[in-house]
Each structure stands twice: as C-alpha cells, then as structure tokens.
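Chemist: Here's a sequence, model it:
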Amino acid sequence: MTSSAISTAKEFIKAPLLYKGKVRELYDLGEHYLIVVTDRISAFDYILEPAVPDKGNVLNRLSAFWFDRTAELIENHVIHTDVERLGDLVTNKELLKDRIMVTRKAQRIDIECVARGYVTGGGWRQYEANGEINGIKLPEGLRKNSKLEEPIFTPAAKNDVGHDEDISFEQMKEIVGASLAVELREMTLKLYGYARDYCESKGILLADCKLEFGLIDGKLILIDEIFTPDASRFWAKENYALDTEIDSMDKEPVRTYLANSDWDKNSQPAPLPPLVVEETSRRYREIYYRLTGQQLS
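Modeler: Residues are numbered from 1 along each chain as shown. The predicted structure is shown next:
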C-alpha cells in the first residue's frame, strides 16, 4: 500500500457538512463549497470496508486534470485544489492534500448526462431486450461491446436515494425544458468526443461516461467529477473484445470478488481481503498514470 486510507474527513474540517455521499463529502464555506474525496468504495449499493488507499487521491486529481483540459470547451465549478489555501479550516492538511476541491456554488441540474460509445453494461441489457437504449433505436445485429457508429446520449433522472432512472430524451425535455435539454446533449457528446480521442492516444478506450452540470446565473457549467474511474468505463485497448465482460480499469477486483463470494447481496458484506484492496488501489493508480503520465506523489 502507498498510503493510509481515509474513510471520512469530518473530524479534520471546521465547516458544516452539507452532504455525505458514498465517496464525496460536501462542506459549506459560505460563498463556496468544499468537496473532499475520501477513499470509501461502494459496490451493489453498499459502502464497503476497508477503504481503498489512494482512491480519493486519484479521483480528485483526475477530475482536476480533466477540468483543466476541458475548460476551453465549457466553464466548470473549480476554484482551486490547494489545501494550504484553506488555512485553519483544515486541521490535517497533509492528510487531505490532493483530496480537496473548492468550487463555486451552482444550481445542480438533476439529470445524469450519459454518453455511450459502445453497447455494453446497462445499455447492452436494454439493447438485448428491445433493440433500443433509452428509446434510441439501434441497428440490428450489434454484439456486446460493439462500437457505435456515432456516440449516443442516454440521460438518467437523478435520484439521491436508490438508483438513477434511465429516461428518454423526450422525457428529459419535459423535466428541464427543450432548450436546456438540447444544450446538455450537445455538450455531453462534445466532451465525450474530446475525452475519447485523448484516451485513445493513451491506449485506453472510453466506453461510456456520466457527467453532471449546473447553472450559475443561468449559464451552464460542468460540476461534480469528470472522466474518473468512478464516472467512466475505461478499457485497456489490449483487452478489447466482443461478446465478453471486459475487465474495466476501476474497482473491477471488488466486483469480481463479491460476485464470486457467498455474499447474499442483502446485507453488509464482510471486510474485503487485503489482496483485493491492494489490487483495487493499484488499478486506480494505474489509470491515473496511463492518462496523465505522472506517478502519484
């Protein structure tokens, strides 16, 4: 292991905790938000023990990397990622270094914007059932993991409790309005296309991704996390194949372990074995290195 794992940051932050998600914690700094990315890991809607060292570090630094690279395409919510600038608000700066992001406050749009370049995962299950994904009719004869001729936009209505709900573009227009729906679709596909091309230059296929947007003074901006292993499906080019489950570059070791265990999926799982935690941590560090060319410090 390269570092100790951080399960929560609450004891180190002198600011009100507004929201505690599966991985992220949101604090109120008054004019701005403070997002802390922990090492917590979830699967099948359960937060697992123990946390995975370096996971939060990778997620936060990758988001910062992508926010910087895509800033010419769309504004984002990032103000800075420097824990030293928080002063006395943080009581353990070394522990939280590279895990924080201070952001502008935006009105979140309650739509998860998903772009798919390949027919896989939940999209494949929909296609198998009716030849469509989120109401989009696709060509007959596609195989699992087939690359689509053009990426598609498949939104979901956000649900803070339970799973997000897949919806059609027509349903999305009813929720947010036609003009904003079109803007979200166009920007999601534009961002996906940019990241897909960059990833391919690094030997990685970006199968799909989910993005979140918000509004500040009526202007669309990019928020949350972007093109991380928790919000995207990355495949190593050398592993690409049809008609199989491709080993994705994220928490796949955890999912595989749980799927092959005797866990009943209806109760809190037992702690993960050390080797599974170590391999998962290695996966996160590897995707960071392959995308940025930098080792974690």
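
Chemist: elements contacting the biggest strand by length in the chain?
Modeler: What stands out as the longest strand in the chain, according to DSSP state E, is strand 204-216. The contact analysis (3 or more Cβ pairs under 8 Å, 6 or more residues apart in numbering; DSSP states H and E) places strand 204-216 against strand 107-108, strand 111-118, helix 121-130, helix 178-201, strand 219-223, strand 232-236, helix 274-292. (Each C-beta comes from the backbone N, C-alpha and C, glycine too.)

Chemist: if we go to 6 Å?
Modeler: When contacts are defined as 3 or more Cβ pairs under 6 Å, 6 or more residues apart in numbering; DSSP states H and E, strand 204-216 packs onto strand 107-108, strand 111-118, helix 178-201, strand 219-223, strand 232-236.

Chemist: Return the most buried member of the ones you listed.
Modeler: strand 111-118 (a mean of 23; mean count of other Cβ atoms under 10 Å).

Chemist: What pairs with that strand, parallel or antiparallel?
Modeler: strand 147-153 (antiparallel), strand 156-157 (antiparallel), strand 204-216 (antiparallel) (DSSP bridges).

Chemist: Mind listing residues that contact it?
Modeler: Strand 111-118 is contacted from outside by 123, 145, 147-148, 151-156, 158, 164, 184, 188-189, 192, 196, 207-211, using Cβ atoms under 6 Å, 6 or more residues apart in numbering.

Chemist: and those, which are buried?
Modeler: 123, 145, 148, 151-156, 164, 184, 188-189, 192, 196, 207-211 (16 or more other Cβ atoms under 10 Å).

Chemist: The strands paired with strand 111-118 into a markdown table, with extra columns for distance to residue 173 and mean pLDDT?
Modeler: Output for the strands paired with strand 111-118, formatted as a markdown table (distance: least, Cβ to Cβ, whole Å; pLDDT from 0 to 100):
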| stretch | distance to residue 173 | mean pLDDT |
| --- | --- | --- |
| strand 147-153 | 12 | 98 |
| strand 156-157 | 12 | 96 |
| strand 204-216 | 15 | 98 |
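
Chemist: nearest to residue 69, of the ones you listed?
Modeler: When these are compared by Cβ to Cβ, strand 204-216 sits nearest residue 69, at 13.6 Å.

Chemist: one step back: now the angle between strand 219-223 and the longest strand of the chain, please.
Modeler: 130 degrees (axes from the mean of the first three to the mean of the last three Cα atoms, to 10 degrees).
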